[in-house]
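Asker: structural data only, the sequence is not supplied:
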């Protein structure tokens, strides 16, 4: 049975890897299971940490928009989004965004997807539910595939 520190490390590894910082928690998850940790416990710890990390990214988008609008400093031209483009993004996200959040676990696109969900004020409860389902499925699949 691994020490609690290993499970805490798994939690924080999963949390950080779901923010805009690079990282991965999959190998640590499989290592902890190989060392005798409960599969269900490790899946739960990694999922909760990963969903919390995605929620941090969501909050960055949600509150970042208010901060950027209230700032007396102008955004660089290359980072500005025209109102027309913002409206188009909102329409696309409203059409596909909810379902797309099931794939928030994907590398490269998952973190920005969570950021945009916050930026566009996607309902937080739906955000958490969809991201939780996707990430729980991912970690379950990793453990299942890793057991072969």
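Answerer: Received, thanks. Keep in mind it's a predicted model, so treat the numbers as computed, not measured.
Asker: switch to C-alpha atoms for all contacts and neighbour counts from now on
Answerer: Will do.
Asker: what ranges do the helices span in the chain?
Answerer: Assigned by DSSP state H, the chain shows helices spanning 4-17, 26-34, 39-70, 83-92, 98-100, 110-119, 124-146.
Asker: which residues sit against the first one?
Answerer: Under the criterion C-alpha atoms under 8 Å, 6 or more residues apart in numbering, residues 22-25, 28-29, 32, 42, 45-54 lie in contact with helix 4-17.
Asker: hmm, try it at 10 Å
Answerer: Contact with helix 4-17 is made by 18, 21-29, 31-32, 35, 37, 41-56, 105, 107, 111, as judged by C-alpha atoms under 10 Å, 6 or more residues apart in numbering.
Asker: show me what counts as buried in it.
Answerer: 7, 9, 10, 11, 12, 13, 14, 15, 16, 17 (16 or more other C-alpha atoms under 10 Å).
Asker: what about the third one, distance to residue 58?
Answerer: Right, residue 10. 21 Å (C-alpha to C-alpha, to the nearest Å).
Asker: list the contacts of the nearest residue to residue 33 once chain neighbours are set aside.
Answerer: In space, and not counting its chain neighbours, residue 33 is closest to residue 39: 6.0 Å by C-alpha to C-alpha, 6 or more residues apart in numbering. Listed by C-alpha under 10 Å, 6+ apart, the contact partners of residue 39 are 29, 30, 32, 33, 45, 139, 140, 143, 144.
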